[in-house]
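Colleague: Task: produce atomic coordinates for the following.
(one chain, ligands or ions: 1)
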Amino acid sequence: MKILVTGGLGFIGSHTVVELQNKGFEVVIIDDLSNSSEEALDGITAITNVKPHFEKLDLKIKTDVQDFFKRHNDIAGVIHFAASKAVGESVLEPLKYYENNISTLVYLLQELKGLSRKNFIFSSSCTVYGQADELPITENAPVKPAESPYGNTKQIGEEIISDTCKVNEDINAIALRYFNPIGAHPSTEIGELPIGVPQNLVPYITQTGIGMREQLSVFGGDYLTSDGTCVRDYIHVVDLAKAHVVALQRLLENKNDSNYEFFNLGSGKGSTVLEAIQSFERVSGKVLNYKIVDRREGDITAAYAETSKANNVLGWKTQLSLDDAMDSAWKWEQKIRNK
Ligand code: UD1
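Modeller: Predicted coordinates for the structure are as follows:
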């Protein structure tokens with residue numbers, strides 16, 4: 001069965017391609033390589049012994065998208081990762097984010113309507129909840145006004161899909177709201193490749209651990225949490241990738257309760273920044289150079305997932321721990337720096 005993975009050479013996309021191929025799906029990847037590398041193709045091939053079909057394609061070029069679907073009208077499902085994801089950049093270049101993340105989604109859904117099997121999985125984010133009033137965060141928590149254009153593209157993306165599903169009853173879609181994906185494949189064949197100075201915590205930790213960065217700044221030590229630092233729900237990217245396969249199978253087997261569903265994907269466990277650092281120190285045997293500095297603008301105090309909907313309805317739960325994720329991220333960092 002042929003599955004299209006957009007952004008399939010990126011961080012979460014490449015891990016999902018591996019899990020799809022492990023389950024016997026035929027994968028077609030499209031990616032514009034704007035924030036990924038073709039080397040991920042070799043990594044996927046090394047892990048699975050199958051080289052997925054890859055086309056370099058820019059989803060913003062509508063005619064190219066139309067041409068692609070003409071050639072691949074036997075696609076049974078689309079998993080849509082391709083998007084820009086840097087929160088700070090989105091504030092400076094909002095139109096880039098609306099073009100990259102919204103126009104592409106519209107073009108894809110327009111083509112999906114012409115397929116005989118119309119199954120769609122969307123990469124969403126816990127950012128849609130903002131600072132939720134209650135923790136853990138359930139799927140019923142209200143969507144709060146977005147803090148950034150990036151976050152807004154995820155909210156608008158969900159609305160576009162929901163509106164489309166209302167009038168196209170033969171389209172089946174699932175939005176997956178990720179908490180904080182981290183880690184790498186245990187084989188160290190694929191992982192995260194941040195360009196420039198990492199904005200996210202774990203790549204910053206591992207780059208500091210390996211000596212590329214002098215010191216990690218811990219943003220804020222005066223939050224109302226157990227140790228004063230922010231709480232997040234870190235989820236191993238391999239667990240996250242597996243959830244996409246489970247969600248796709250739900251659609252392919254017509255097990256969905258309605259034609260538009262959404263699920264939180266998290267471990268259900270909140271960890272502070274200092275606990276994440278301790279995890280790194282445990283698995284690496286290194287002492288991390290860090291300093292508590294001022295809060296980062298836009299950060300929320302705490303977010304972690306209520307996972308029972310994903311556990312009970314989707315039939316998925318995380319199997320790997322924060323230490324597993326940190327260990328794999330550290331091994332990946334060592335591999336890419338030694339290259
Ligand atoms: C961020 C985005 C989120 C996006 C996700 C993508 C914001 C507000 N949220 O989540 O929308 O989906 O990235 O991966 O930007 N930290 C430090 N020092 C650092 C880096 C981070 O202390 O150098 C802290 C942060 O304050 C935060 C935690 O580590 O408490 C996690 O930060 P990060 O990895 O950037 O993820 P989020 O901000 O949760």
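
Colleague: quick one: pLDDT of the residue nearest to Trp330 when sequence neighbours are not counted?
Modeller: Excluding its sequence neighbours, the residue lying closest to Trp330 (C-beta to C-beta, 6 or more residues apart in numbering) is Ser284, at 4.9 Å. Any C-beta I mention is one placed from the backbone N, CA and C, and that applies to glycine too. Confidence at Ser284, expressed as pLDDT, is 98.

Colleague: and Ser284, how far is that from the ligand?
Modeller: Computed with C-beta to the nearest ligand atom, to the nearest Å, the distance linking Ser284 and the ligand is 17 Å.

Colleague: what's the distance between that residue and Asp239?
Modeller: 21 Å (C-beta to C-beta, to the nearest Å).

Colleague: Kindly report the same for Ser36.
Modeller: Remark: distance between Ser36 and Asp239 (C-beta to C-beta) = 21 Å.

Colleague: Quick check: Ser162 is in a helix.
Modeller: Yes. Counting by DSSP: H, G, I helix; E, B strand; the rest coil, one finds Ser162 located in a helix.

Colleague: for it, what are its contacts?
Modeller: By C-beta atoms under 8 Å, 6 or more residues apart in numbering, the residues touching Ser162 are Tyr260.

Colleague: can you rerun that using 10 Å?
Modeller: Ala173, Ala175, Asn259, Tyr260, Phe262 (C-beta atoms under 10 Å, 6 or more residues apart in numbering).

Colleague: The second one is in contact with Glu261, isn't it?
Modeller: Going back to what we said before, that points to Ala175. Yes. At 7.5 Å, Ala175 counts as touching Glu261 under the criterion of C-beta atoms under 10 Å.

Colleague: list the residues that contact both of these two?
Modeller: Glu139, Ala247.

Colleague: Check the contact between Cys165 and Glu261; I expect there is one.
Modeller: Yes. Shown here, Cys165 and Glu261 form a contact pair, counting by C-beta under 10 Å, at 9.4 Å.

Colleague: Determine the residues that are contacts of both of the two.
Modeller: Joint contacts of Cys165 and Glu261 (C-beta under 10 Å, 6+ apart) are Asn172, Ala173.

Colleague: Where does Ile29 sit: helix, strand or coil?
Modeller: strand.

Colleague: show me what contacts Ala247?
Modeller: 77, 79, 119, 121-122, 173-176, 256, 261, 263, 265, 310, 314-316.

Colleague: can you do 8 Å?
Modeller: Listed by C-beta under 8 Å, 6+ apart, the contact partners of Ala247 are Ile121, Ile174, Leu176, Phe263, Leu314, Trp316.

Colleague: Just these: which are in strands?
Modeller: Among the contacts of Ala247, the residues falling in strands (DSSP state E) are Ile121, Ile174, Leu176, Phe263.

Colleague: Quick one: those as JSON lines, columns for pLDDT too.
Modeller: What follows is the ones in strands among the contacts of Ala247, written out as JSON lines (pLDDT from 0 to 100):
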{"residue": "Ile121", "pLDDT": "98"}
{"residue": "Ile174", "pLDDT": "98"}
{"residue": "Leu176", "pLDDT": "98"}
{"residue": "Phe263", "pLDDT": "98"}
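
Colleague: Determine which two of those residues are furthest apart.
Modeller: Ile121 and Phe263 (10.4 Å; C-beta to C-beta).

Colleague: shared neighbours, the two?
Modeller: Taking C-beta under 8 Å, 6+ apart as the contact rule, Ile121 and Phe263 both touch Ile174, Leu176, Ala247.
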